[in-house]
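Student: Have a look; sequence and predicted model below, questions after that.
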Amino acid sequence: MTDGAPVSDTRAEFIEKIGLITQAEGMPRIAGRVFGMLIFDGEAASFGDLATRLQVSRGSISSSIRLLEERGLVKRIAKPGDRQDYFQLAPNPYVSMLEGVQKRARSTRDEITHTINALPAGSDAINRLQEYANFYAKTAAAIGTVINALHTSKACDTGQAPAAPKDDDHEN
């Protein structure tokens, strides 16, 4: 840190920034704050710890955790001898984030293509809609390239073989 701010201030600022970024992407702000805390702290936290540290209700934590788990960003774990659940970052959470973006881009492309197919041949809108569908197809393909690069990078870091690409990762 160059400005001399205490780590606790920097931590709080980071957690809040991730909450705001997540909110701007259409998810609950508290889900982003949970995610930011797990990233910054790098350790598993219990349900109660999350609620206490983030100063939010247990209900908010519950719905946020459920959403983060569904998106493959957070993983529920148990500690031997402890009855409560703990939560930590899932393996490759950033790849999971990109896979969600890629899935939504493909879905949008498919919806546009469905509209194109419903139009009569020669419609003035077909070319414009096809350009729009191509935008999403190329976006999905570009994200697939990044996903593969992250898998390759992770494999290099761990000495493992890279994961096989998923279908449609290299669309045109």
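Tutor: Arrived safely, thanks for sending.
Student: Could you list the domains of the chain?
Tutor: Listed by automatic domain parsing, the domain ranges of the chain are 7-89, 93-158.
Student: In TSV: the ones you listed, plus mean neighbour count and mean pLDDT.
Tutor: For glycine as for every other residue, the C-beta is placed from the backbone atoms N, C-alpha and C. Written out in TSV, the entries for the domains of the chain read as follows (neighbours: other Cβ atoms under 10 Å; pLDDT from 0 to 100):
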stretch	mean neighbour count	mean pLDDT
domain 7-89	16	95
domain 93-158	15	92
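Student: Please give me every residue in contact with the nearest residue to G100 once chain neighbours are set aside.
Tutor: With Cβ to Cβ, 6 or more residues apart in numbering as the measure, R71 is the residue that lies nearest to G100, at 5.9 Å, once sequence neighbours are left out. Contact analysis of R71 by Cβ atoms under 8 Å, 6 or more residues apart in numbering lists 96-97, 100.
Student: Check the separation of the first and last residues in stretch 116-129.
Tutor: Across stretch 116-129, the straight-line distance between its terminal residues is 7 Å, by Cα to Cα, to the nearest Å.
Student: same question, stretch 86-102
Tutor: OK, stretch 86-102 end separation, Cα to Cα: 29 Å.
Student: Show me where this structure has its strands.
Tutor: Secondary structure of the chain (DSSP state E): strands located at 45-46, 74-78, 85-89.
Student: Leaving out the residues flanking it, which one is nearest to L89?
Tutor: For L89, the nearest residue in space outside its immediate sequence neighbours is L38; the separation is 5.1 Å by Cβ to Cβ, 6+ apart.
Student: Would you agree the one you found is in contact with Y86?
Tutor: No: L38 is not in contact with Y86 according to Cβ atoms under 8 Å; the separation is 10.4 Å.
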